[in-house]
Structure formats: C-alpha cells, structure tokens
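[1] Got a predicted structure here, sequence first:
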Amino acid sequence: MGKADLHLHTDFSDGLHSPRQVVQTAAKNGIGLIAVTDHDTMEGAIRAKEYSLRRPDLGVQVILGEEVSTLNGHVIGLFMTQFVPPRLSAKRTVDLIHQQGGLAILAHPFHLYTGKNSGHPKAVEIIGEIPFDGIETINHGDALSSWSNKKANQILKKHKMAPIGCSDAHNSRFIGMAYTEFAGNHPDDLRAAILSGRTKPHYNRTWKINDILVHLKDSSSVLNRYRKLLTASS
C-alpha cells in the first residue's frame, strides 16, 4: 500500500522550508508520494517536482498541486497543470481544476479557519452543489483538529467522496503525521483510488509535547507569512 501526504506547504507561500527540504524530509519520514499545495501559487510545487526528478534516489514522487483561496474557503487542486486564480467561487474553482484533468479536494471544512470570504457560505454548506472528488477527513495541521476531523468524516455518510488524510505541514518536521493510504505506489494509482473512493486516511502519530512546542513557536512566523500573502493578493 502506498502512502501519500497531499497537503504540504513550502516557503513559496506560508511554509517555513524550501521545496528541496520538503522532498528530503518526506523521504526521511517514509512518505513516497507528496503533493505540494502552496496557497495560490504552483511555484513551490514545480520546484519540488524538479528536485525530486533530479534525485530519484530519494524515492519521492511529487504531484503538482495548489491550495486555492476561493470565496467559499480553501480548495486543494491535485494533478494540476495550470495555476487557478484565487477569489473565485468554489464551484468555479473546481470546474477549472477538472478542466485541466485535476482532482479537487475540500480542505479542512470544519476547522476554525476555512479561508472563506465574508458574506459567502462555507463550501461545506453548499457541498451538494460542488463536484468535489474528495474531502479531508483527517487534517493534522494542529493539535486541536480531531474534533473538526470527526465532523468532516460525517459528510461521507451523505456525499460520495474519497476520504483524504493530510498533515497540512507548514514545517517539514510534520510531514507524514497524517497520510492517505492507497493501493499501489504511483500517482496514477492514487488518482484511480481517489476517483473510486478507495482511499484510507490515517494518523501516523499523535501530537507530542515537543511537537506542540515547535508548532507554537512556528505559529507567529506562519501567521505573518500568511497575512503577507493575503495582503499581496488583495
């Protein structure tokens, strides 16, 4: 069974480490397939893939992705070939992802911050109108995410989507803390698993005291980087 971490950030958006470091840490942590999904840019993903191709000895394959800031919240595009601009509706964003052969994942639908714009509903509130391919039922982005993950898992009872597990790591230390398991080890195998709903999200390990301390130390830097991104795109 393959392991994929499909929600990672680099210093091309609000992550703390370079695309090269992300690939290296994925290899160290035993994750053979990753998607780099920086906010509203694909540059970090492109750099990470280029590096992985130069270093096949690391055994890490990189999927081009983007975490798009839509009016209704954050949407992850996987298997991307073209940048999708922010500040469109979630439905239009998903349409643009599908038009280029990509897959669309609803990110952390019940977390305290979903990225939606004021005056617009959350994507999860209009989920029946949007053809998502998957939903993050495990987003391990912080130590308090378990309650929101449980709510996200309930969506699968009403809507047919692939359950996805991700670390949402902004510090490469946390890559692989959660992951998506699928049959095979190639990106095409993952695509087939998502489209057929045959994915299994997993927690790799729980938050330990040292993890929490590092996360708290990182938080101000990550938040400041994210605020700069929002300012630049406004």
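    Thanks, I have it.

[2] which stretches of the chain have low pLDDT?
    For the chain, the stretches with pLDDT under 70 are 234.

[3] mind running it again at 80?
    142-144, 205-207, 218-220, 222, 226, 232-234 (pLDDT under 80).

[4] Where is the longest helix in it?
    helix 209-233 (DSSP state H).

[5] Other residues contacting it?
    Identification of contacts with helix 209-233 by CB atoms under 8 Å, 6 or more residues apart in numbering yields 11, 13-16, 39-40, 69, 86-87, 142-143, 170-171, 173-174, 177, 207. C-beta: built from backbone N, CA, C; applies to glycine.

[6] can we see that at 6 Å?
    13-14, 39, 86, 143, 170-171 (CB atoms under 6 Å, 6 or more residues apart in numbering).

[7] Tally up the residues packed near Leu88, please.
    The number of residues packed near Leu88 is 18, by other CB atoms under 10 Å.

[8] separation between the closest residue to it other than its chain neighbours and Asn171?
    Spatial nearest neighbour of Leu88, excluding adjacent residues (CB to CB, 6 or more residues apart in numbering): Thr70 at 5.9 Å. To Asn171, Thr70 is 25 Å away according to CB to CB, to the nearest Å.

[9] the more surrounded of these two?
    Thr70 (26 against 21).

[10] residue boundaries of the strands in the chain?
    With strands called from DSSP state E, the chain shows them at 2-8, 33-36, 61-70, 73-78, 103-106, 134-139, 162-166, 178-182, 200-203.

[11] Make JSON lines out of those and add distance to Ser221.
    Formatted as JSON lines, the strands of the chain follow (distance: least, CB to CB, whole Å):
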{"stretch": "strand 2-8", "distance to Ser221": "17"}
{"stretch": "strand 33-36", "distance to Ser221": "19"}
{"stretch": "strand 61-70", "distance to Ser221": "18"}
{"stretch": "strand 73-78", "distance to Ser221": "20"}
{"stretch": "strand 103-106", "distance to Ser221": "26"}
{"stretch": "strand 134-139", "distance to Ser221": "20"}
{"stretch": "strand 162-166", "distance to Ser221": "21"}
{"stretch": "strand 178-182", "distance to Ser221": "22"}
{"stretch": "strand 200-203", "distance to Ser221": "25"}
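
[12] Ranking those by mean neighbour count, which comes first?
    Burial of those is given as mean neighbour count (mean count of other CB atoms under 10 Å); strand 33-36 ranks first at a mean of 30.

[13] Please name every helix or strand in contact with that strand.
    For strand 33-36, the packing partners by 3 or more CB pairs under 6 Å, 6 or more residues apart in numbering; DSSP states H and E come out as strand 2-8, helix 43-54, strand 61-70.

[14] Show me the contact partners of stretch 69-79.
    35, 37, 40, 63, 65-68, 84, 86, 88-90, 93, 97, 102-105, 107, 114-117, 120, 122-123.

[15] one step back: bridged to the residue nearest to Leu88, which residues?
    Gly73 (DSSP bridges).

[16] cool, and His202?
    The partner residues for His202, given DSSP bridges, come to Tyr179.

[17] Just give me the neighbour total for the closest residue to Gly141 other than its chain neighbours.
    The shortest distance from Gly141 to any non-neighbouring residue, by CB to CB, 6+ apart, is to Asp168 (3.5 Å). By the criterion of other CB under 10 Å, Asp168 has 26 neighbours.
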